[in-house]
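1. pasting the sequence and the predicted coordinates here, then a few questions.
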Amino acid sequence: MSAHRLARFEATLAGLSRRSQRRRLTGRAGHDFASNDYLGLAAAPRLQAAIGEALARGVPVGAAGSRLLRGNDPEHEALEAEAAAFFRAEAALYFGAGYAANVALLSALPQRGDLVVYDDLIHASVHEGLRLTKAETVAVPHNDAGAVDDAIRAWRERGGRGAPWIAAESVYSMDGDRAPVAELLALAETHDGFLLLDEAHATGVLGATGRGLAEAFEGREALIATHTCGKALGASGALVTGPRVIVDYLVNRAKPFIYATAPSPLAASAVRAALRIVEDEPERRDALHRRVAIAQARLG
């Protein structure tokens, strides 16, 4: 009985092996051309020192509960206040992972009668959130702001009366290209909607001071951004930034936030330190961009 129960999973794995697509976990080896540790913060002494200092002042390793049930720690709240100031947004909310943050946004914010227009190459986390949304959804060709506008106008002509939501990434890691952020935000504002922008691969790296491609627009009512903390920031988790009412709504309605054990308060300490490093050490970004230019020249 046990063998029969597991047979379909074994068959799937065997098929993956035949196509050379089966994945296995391996140790780290060789030079790093694959991780998201863009600024080299994951093992930075300053980040390690921040963890040590946090432990010394009694910050716990585990939150021991959800944020709404004894899991809320002063370190979480300090991070969110500092992140809101850093990104120049009204408020911020800390999630355990960028995947969970995007699922929370798409499953909780768009309502029945709304429309979500999403980029054809959007991340899997957004697709998972779309699977849970009650709103109508439509995909548009990659980085085509005109197609976004057309989709919203066509929906309005069919009688759509809710709010349009535009979902995009600022930087698409698989292709390495950038979204027309200014155009997408302008469309969201023109159509009385919102732009949900995943800054995962831009946070800490792009923008005038490393705050992402939407750096010049943070604080605008129509912009809600996801800033992943496990890539250039070298820690873990993700920050959602936007209007305070949106953050309050997520606290009350986003199931990936409500029903999950809160992120480690120590991880929040690490992210606080990482934000300070991004602000204090722009030479890390400069070095990264020099390496990118060298790689492009030699590979091109």
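-> Good, I have the coordinates.
2. for stretch 285-300, which outside residues touch it?
-> The contact list for stretch 285-300 (CB atoms under 8 Å, 6 or more residues apart in numbering) reads 38-39, 204-205, 210, 278. Using the backbone N, CA and C atoms, a C-beta is placed for each residue, glycine as well.
3. from those residues, which is closest to Gly27?
-> Tyr38 (21.5 Å; CB to CB).
4. can you add pLDDT and give the contacts of stretch 285-300 back as CSV?
-> Below are the contacts of stretch 285-300 laid out as CSV (pLDDT from 0 to 100):
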residue, pLDDT
Tyr38, 94
Leu39, 96
Gly204, 97
Val205, 96
Gly210, 95
Val278, 97
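5. among those residues, which ones are in helices?
-> Val278 (DSSP state H).
6. got a winner among the contacts of stretch 285-300 for most neighbours?
-> Tallying neighbours with other CB atoms under 10 Å puts Gly204 at the head of the contacts of stretch 285-300, with 27 neighbours.
7. how about the helices in the stretch 151-300 of the chain?
-> Counting by DSSP state H, counting those that start in this stretch, the stretch 151-300 of the chain has these helices, from start to end: 181-190, 244-253, 255-258, 265-280, 283-299.
8. let's see the second one as CSV, backbone CA atoms only.
-> Taking C-alpha atoms only, helix 244-253 is exported to CSV below (Å, rounded to 0.1, in the frame of the first residue of the first chain):
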residue,chain,number,x,y,z
ARG,A,244,-0.7,53.5,6.6
VAL,A,245,-4.3,52.4,6.0
ILE,A,246,-3.0,49.7,3.6
VAL,A,247,-0.6,48.4,6.2
ASP,A,248,-3.4,48.4,8.9
TYR,A,249,-5.6,46.6,6.5
LEU,A,250,-3.0,43.9,5.9
VAL,A,251,-2.6,43.4,9.6
ASN,A,252,-6.3,42.7,9.8
ARG,A,253,-7.0,40.9,6.6
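9. buried stuff in it?
-> For helix 244-253, a neighbour-count test (16 or more other CB atoms under 10 Å) marks 246-247, 250 as buried.
10. hmm, who's touching that helix?
-> Contacts of helix 244-253 (CB under 8 Å, 6+ apart): 67-68, 90-93, 104-105, 108-109, 224, 240, 257-258.
11. pLDDT value on Leu223, please?
-> Looking at Leu223, its pLDDT is 98.
12. hang on, isn't it packed against Leu195?
-> Yes. The criterion here is CB atoms under 8 Å, and Leu223 meets it with Leu195 at 5.4 Å.
13. between these two, which has more neighbouring residues?
-> The residue with more neighbours, out of Leu223 and Leu195, is Leu195; 26 against 23, by other CB under 10 Å.
14. contacts only, for that one.
-> By CB under 8 Å, 6+ apart, Leu195 lies in contact with 165-166, 168, 181, 184-185, 187-188, 222-224.
15. chain neighbours aside, what residue packs nearest to it?
-> By the measure of CB to CB, 6 or more residues apart in numbering, the closest residue to Leu195 outside its immediate chain neighbours is Ala188, 4.2 Å from it.
16. ok so, going back, in TSV: the contacts of stretch 285-300, plus distance to Trp155.
-> Output for the contacts of stretch 285-300, formatted as TSV (distance: CB to CB, whole Å):
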residue	distance to Trp155
Tyr38	37
Leu39	40
Gly204	35
Val205	34
Gly210	36
Val278	39
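17. nearest to Arg57, of the contacts of stretch 285-300?
-> Out of those, the member with the shortest distance to Arg57 (by CB to CB) is Val278, at 22.9 Å.
18. cool, thanks, signing off.
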